[in-house]
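Peer 1: any chance you could fold what I've pasted below:
(2 chains)
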Amino acid sequence: MAKTIKKTLPWFVILALIGLIGGVGLNFNFHFQNSEVHAESATTSATVSNVVPALGATVEDPVSTGASPTDVGDAVTFKSTSNDPNGDNWYLAICTTNAVTAGTLGGAPTCNVGTWGISTTTVSGAEATASYTALVGAAQSNAWWAFACDAASSGQLCSASQQGTGDSGTPFFVNHRPGFTGYQDDSPKGPATTVTWTTTASDTDDDTAQDTVTLYVCPTDAFTDGGSPACTVTELCHSTAVASAPTCGYTTLRPDGNDYPAYGFVVDSHGLAASGGSQGTNSVFEVSNVAPSITESSISLLNTTGSGELALTGEETETTGFEVVFTVVDTNSCVIKGGTVNVNNEVASAFINVRESQIIQSLCNETGEYNANQCYPDAYASWSPSCIQDAATCTDATDTSVTWTCTFPLQYHADPTVTGTPNAANDWIAAVQAEDDDAANTGLIDGATHTNEMDTFMAYNLSTATIAYGAVAPGAYSAEKTTTVEATGNVGLDENISGGIATGEGLCTDYDTCAGSTIDALQQKHNLTAVQGWDDGSAVALSYAGGEAELNCAKTTTTNTPASANNYWNLRMPNPQATGSYTGQNTIEGKVDNESY
Amino acid sequence: MTWEKARSSCFVVFLLMFGLTQIAQAGFGISPPYVKNENLTQGSHYEKNITLVRGDPIEDWEVEIITNVPGADDWISVGQGKNFTMPQGVKQVPILIKIDVPDNAKFGRYIGSIRVKTAPIKDLEQGTISILLGGQIDVNLNVAKDVFDFQVMRTKISDLETGHKSWIFSFPGIIKFSMQVKNIGNIKAAPSKVSFEIYDEKEENILEKTETTKMENTVKPFETDWVTANLQTQLKPGSYYAQYKVFKKDEIVSTGKIHLSILSQGSIIEYKGASILDLSLKDKLIMILFGLLGLGALAGMGYGGYKGYGVWKKRALRKIK
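Peer 2: Below is the predicted model of the structure:
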C-alpha cells in the first residue's frame, strides 16, 4: 500500500497541476492576442494546428531478404503503426525514393517518384499495411522509404521517411522465375540403361548469390514447387542445383515401348518454378526394343525320355517327342509392356533346325536342304517341330530369361553317331532361333556344347511272312522262293537264320508236336544270290541252331524307299517222304551289319 | 517197283498248300541293339533300357531271350524275365537288361550277344512255313578296377532371389546350378568343384567370382541324374551372365555361359533361399556367441531360481519349527 501511495500522484496534486496549466495557457493566450483584443468585445478563440504524425517502426512481413526474396507474383507487405497527435487517421506510404507529398482533403499521399504501396486510411494508433506485388520487371533489390501521412481534412502532413532496420528494413528483394526453354532426352535407350534429360535453363538472379536451377523429371504432369519442390506423384530423376542447363538421368524400365511420359520441371534455388517455355512439357522417352539372345550352352538336344542318346523307336516311321530346350534372354523383360506374366510373352516364337554335325549350319536351314538322314530344317514344311515357352518360366517384369522347349520328330533312318558307327566322329546338333514381339530375333544359334548322339536302331521289315514251296515230290526240288528284308531302322542289316523247333524237326505234319512225319530243317537252303540252285556252293543249309547270313542290307537313306536285300530259298524233298501237309517255322533275326551302314 | 518207290514216284508231298497267299508284312526292331559298358567293376550293377519294336502288332507275340556271353551269361538277367509277351496293339515294349558282376569276376572283356526270338502265341497256320522274327543285341562288357568318370550332359539354372539382411546377419543369394551328370564310371560320381565368373548384362565386367565344392547329391554308377551345386552371390537384382566351369578332380570337364536372373526378395513363390548354414563364418560365430550368451542367461536364471527356492525352503522350515 505504501508503495502504491508513493507511485500514485495524489488527486489534489493532479487538480493543482491542471489548474496551473490552464492558467498559464490562458495567460499566454491573453498575452499573444493582446494586440487584437477589441476593447469593446473580448471574444475568445483557439486554433489547434495539425501536427505531423509519428511513424513507428516499419517492417516487411514476411521479411524479404537476398536469401529469402519475394517471388514474382507474391506481395511484399509493409507494416507500421503511427500515432497522430491530432488523432487523425493516417496513411502508410512506401515510396521508391525519399520523397512524398501529403494528400489533400484527407486523401492519400502521393510518392513523388514511385510507389511500392500506400495503405488505406487507418485509425491513429492502428497498424497500417501497404503491399507491393512483385512484378516480373522488378529489380532484384528494391529500396523503400516509409512515410506516415495523416488524413487531416486540411494541412495534411507526412512524417519524415523511415527505412526500417535489419532484414525487415529496406530493401526488399524480388526473386524472378528461372528461364527454361529447352528440354529433351537422349532416348531411345536400351532397357535398364540410363536415359538422360538435358535442358536449356538458367536463372539471371544474382543479387546476394547467383541463383541455381534444378531439373525434376516426373512421369505425370504434376509438380509441387516451393520450399520442398518435388514431383507430386513419383519422380524419375532430379538434377543437382547448377547455375544453368541442369541434367538428370534415369535407369529405364525393361519392357520396350515408346510411350513412357517424362514431364520436365525446373525450379530455382528458392523453389520458384519456371513458367512457360519447356516447363511441364513431356519429352516421351522411348525404351528401345532389344533383340533377344540365346546362350549356346543353354541349348540341349534331348532324347524323348529327357536324357540319354537320341533313340529311334518307330519302325519305318517317325519317332516323335525329341526335345530341344534352351534359354532365351530378352533384356526388355519376359513380358510385354503392360502384359500379363506368362500370357503376354515378350519372346513370341522360336524355331529349330536339327542336323548331324558334319553339316554346317548354313547348309541346313532351307527347305531344299532337308535330308532325313542328317538335316531337318524348320523351313521344310513336312517336318513339324513345335516350340512353346515353358509354363511359369517368367517370374515378373524384371525377369529377363525364359526357357523354351521344342518338340520334334525324326525319321527312322536318321544317321547314328554312337561309337562303332561310321559317323561316330559326328553328333547331332540343334540350331535355335527365337523372335520377340517386335520381330527382332536372336539369329540362328548352334547348341554346340550340349549336343547329343544318335543311337543305333536295328529294325527290319519282312515282305512276306511265309515261304510257300508248294507241292514238291519226294526227291524233287522246289522252285526257288524269295524273302525280302527291308532296313527299317537306321543301320544296315545282317541276319541270323534258323529253322524248326528242334534238331531234325524243321517241318512236321503235326506241328508243333512233331510226333508224326517230319522233314529236317537241313532240307532247306538259303542263298544270298538268286538262281544258284540247291547245289550252289554259297547255298547254306538251314539248321535249328542257325547261323549268320551276311545279308549286307544297306542302311536306308530314302524314307519311302527302304533299302532291301533278299534271301533265296530252296527245298529238297527227301525221298522217301510221307505225303502230307507240312508246317514249319524259319526264324530270321536281324542284326546290325557293321560293314554296310 | 517197291511200295516205297511207287510212293515216291506217284505221289507228291503237299507242302505249304495254303502258303501261297500273301499275308501282311511284319516288322521288328530293337533300339538300341547293344549292351556295352567299358567301366564295370567287381560287384557292379548295370542296367540298360532297350525297346523292342513292332511295326504292326496285330497279335500277341511270345518273346524268348537267349543270352550267349561266354563267361558272363549268369550275370545277365531281364527285368521282365527271359520269356514274356509283346501284347497285341503295343508297338514298343521296353525291356530292362540287368548286369550283375560278381565280386570275384575276373577283370577283362566279355563279348557275346543276346538273341531275341519272337513267335505268335496262336498256332501257326497249318501247311505253311512261317517266318518268325527276332533280333540280336550285341554285348560288350569290360570289367576293370574303380573308374571315376562322368560327363555333364546339360546344365540349367533357376531364377533366384537376391540376398538379404536379417537383423545383423547377411544372407547371400543362392545360385542353384543344376548339372545333368551321366556317370560313366563304376563308382558314385559328382563334380568335384563348380566355379562361376559372373558378368554384368553386357558381359563387360566381372562382378563376382564364386565357387563351391559341395554338391547336393551324387550319381550312382552308370546312371544319369541331376546334381545341384549351390553357389553364393551377393549381387543385387538384375540380369547377369556367368561363365561356369565344372571340374572332375582338377580337370575341367564342362564349361559354358549361362544367364542369371536375380530377382528382388519375395518375387518367387515358395522360394527357398539361404539358410543359417549359408551365413559367413563371422555371422555364424556371432550367432554361436549369442546362443552361448542365451544359454548362460538361462543357466544363470535357473541357478538363481534354485538358490531362491533354497532360501524360501529354509525360511518355511523355520516357520514350521
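Peer 1: ok, the closest residue to A:Asp494 other than its chain neighbours - contacts?
Peer 2: Ranked by CB to CB, 6 or more residues apart in numbering or on different chains and with sequence neighbours excluded, the top spatial neighbour of A:Asp494 is A:Asp593, at 4.4 Å. Yep, even glycine has a C-beta here, placed from its N, CA and C like the rest. By CB atoms under 8 Å, 6 or more residues apart in numbering or on different chains, A:Asp593 lies in contact with A:491-494, A:550-553.
Peer 1: for the closest residue to chain B within the stretch 351-500 of chain A, give me its contacts.
Peer 2: Nearest to chain B in the stretch 351-500 of chain A, going by CB to the nearest CB, is A:Ala459, at a distance of 2.6 Å. Each residue near A:Ala459 by CB under 8 Å, 6+ apart is listed here: A:315-316, A:412, A:487-489, A:590, B:27-31, B:53, B:55.
Peer 1: repeat the analysis, applying 6 Å as the threshold.
Peer 2: Contact partners of A:Ala459, counting by CB atoms under 6 Å, 6 or more residues apart in numbering or on different chains, are A:315, A:488-489, B:29, B:53.
Peer 1: again with A:Met454
Peer 2: By CB under 6 Å, 6+ apart, A:Met454 lies in contact with A:310, A:414, A:416-417, A:428.
Peer 1: again, only using 8 Å
Peer 2: By CB under 8 Å, 6+ apart, A:Met454 lies in contact with A:309-310, A:312, A:356, A:410, A:414-418, A:427-428, A:490.
Peer 1: can you check A:Gly179 too?
Peer 2: Neighbours of A:Gly179 in contact, by CB under 8 Å, 6+ apart: A:200-204, A:274, A:277.
Peer 1: mind checking which of the residues you listed land in strands?
Peer 2: Taking DSSP state E as the definition of strands, the contacts of A:Gly179 contribute A:200-202.
Peer 1: now residue 197. Nearest residue, chain neighbours left out?
Peer 2: Here I'm looking at chain A. Nearest non-adjacent residue to A:Trp197, counting by CB to CB, 6+ apart: A:Asp185, 4.9 Å away.
Peer 1: um, chain B though
Peer 2: If the residues on either side of it in the chain are set aside, B:Glu197 comes closest to B:Gln243, at 4.6 Å by CB to CB, 6+ apart.
Peer 1: helix/strand/coil for the one you found?
Peer 2: Three-state call for B:Gln243 (DSSP: H, G, I helix; E, B strand; the rest coil): strand.
Peer 1: from A:Ala554, how far out is the residue of the stretch 351-500 of chain A closest to chain B?
Peer 2: Between A:Ala459 and A:Ala554 the computed distance is 14 Å (CB to CB, to the nearest Å).
Peer 1: per-domain residue ranges of chain A.
Peer 2: With domains defined by automatic domain parsing, chain A comprises A:54-175, A:179-287, A:293-446, A:460-592.
Peer 1: could you report the pLDDT at the residue of the stretch 151-300 of chain A found nearest chain B?
Peer 2: Going by CB to the nearest CB, chain B is nearest to A:Ser297 of the stretch 151-300 of chain A, at 2.8 Å. Among the per-residue scores, A:Ser297 shows a pLDDT of 94.
Peer 1: circling back: what is the most widely separated pair among the contacts of A:Asp593?
Peer 2: A:Val491 and A:Glu550 (14.5 Å; CB to CB).
Peer 1: where does pLDDT dip in the chain?
Peer 2: Here I'm looking at chain A. The model of chain A has pLDDT under 70 over residues A:1-46, A:596-597.
Peer 1: not quite, I wanted chain B
Peer 2: In the prediction, chain B carries residues with pLDDT under 70 at positions B:1-25, B:321.
Peer 1: picking that back up, looking at the contacts of A:Met454, which are in helices?
Peer 2: Applying DSSP state H to the contacts of A:Met454, no entry is found in helices.
Peer 1: then B:Glu303 would be within a helix, right?
Peer 2: Not Glu; residue B:303 is Tyr. Yes. The assignment for B:Tyr303 by three-state DSSP puts it in a helix.
Peer 1: how many neighbouring residues does it have?
Peer 2: 10 (other CB atoms under 10 Å in any protein chain shown).
Peer 1: buried subset of the contacts of A:Asp593, written for PyMOL?
Peer 2: Buried subset of the contacts of A:Asp593, written as a PyMOL selection, criterion 16 or more other CB atoms under 10 Å in any protein chain shown:
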select buried, chain A and resi 491+492+493+494+551+553
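Peer 1: burial count for the residue of the stretch 151-300 of chain B found nearest chain A?
Peer 2: Nearest residue of the stretch 151-300 of chain B to chain A: B:Gly256, at 2.8 Å (CB to the nearest CB). The number of residues packed near B:Gly256 is 19, by other CB under 10 Å.
Peer 1: which stretches in the stretch 151-300 of chain B count as helices?
Peer 2: B:281-320 (DSSP state H, counting those that start in this stretch).
Peer 1: re the thing from before, redo the contacts of A:Ala459 as CSV? Include distance to B:Ser239.
Peer 2: Listed next are the contacts of A:Ala459 as CSV, based on distance: CB to CB, whole Å:
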residue, distance to B:Ser239
A:Glu315, 47
A:Thr488, 49
A:Gly489, 46
B:Gly29, 47
B:Val53, 46
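Peer 1: now, these that are in strands?
Peer 2: Going by DSSP E, the strands hold B:29, B:53 from these.
Peer 1: farthest-separated two in the contacts of A:Ala459?
Peer 2: Longest span within the contacts of A:Ala459, CB to CB: A:Thr488 and B:Val53, 9.1 Å.
Peer 1: between these two, what contacts are shared?
Peer 2: Overlap of the contact sets of A:Thr488 and B:Val53 (by CB under 8 Å, 6+ apart) consists of A:315, A:459, B:27, B:29.
Peer 1: possible to save those as TSV with distance to B:Lys98?
Peer 2: Listed next are those as TSV, based on distance: CB to CB, whole Å:
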residue	distance to B:Lys98
A:Glu315	25
A:Ala459	24
B:Gly27	27
B:Gly29	22
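Peer 1: who wins on neighbours among those?
Peer 2: Those, ranked by neighbours (other CB under 10 Å): first place A:Ala459, 33 neighbours.
Peer 1: hmm, back to that, just put the domains of chain A in CSV and tack on distance to B:Phe150.
Peer 2: Below are those laid out as CSV (distance: least, CB to CB, whole Å):
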stretch, distance to B:Phe150
domain A:54-175, 75
domain A:179-287, 38
domain A:293-446, 13
domain A:460-592, 27
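Peer 1: what about residue 93, how many residues nearby?
Peer 2: With no chain named, the answer covers chain A. There are 31 residues near A:Ala93, going by other CB under 10 Å.
Peer 1: actually it's chain B I care about, not the one you picked
Peer 2: A total of 18 residues lie near B:Val93 under the criterion other CB under 10 Å.
Peer 1: show me the beta-bridge partners of it.
Peer 2: Under DSSP bridges, the beta-bridge partners of B:Val93 are B:Leu52.
Peer 1: any idea how far it is from A:Phe322?
Peer 2: Distance, B:Val93 to A:Phe322, using CB to CB: 20 Å.
Peer 1: go on, A:Thr466?
Peer 2: Distance from A:Thr466 to A:Phe322, by CB to CB: 37 Å.
Peer 1: likewise for B:Ile269?
Peer 2: B:Ile269 is 31 Å from A:Phe322, where distance means CB to CB.
Peer 1: which one's more surrounded, these two?
Peer 2: Applying other CB under 10 Å to B:Ile269 and A:Phe322 shows that A:Phe322 carries more neighbours, namely 26 against 7.
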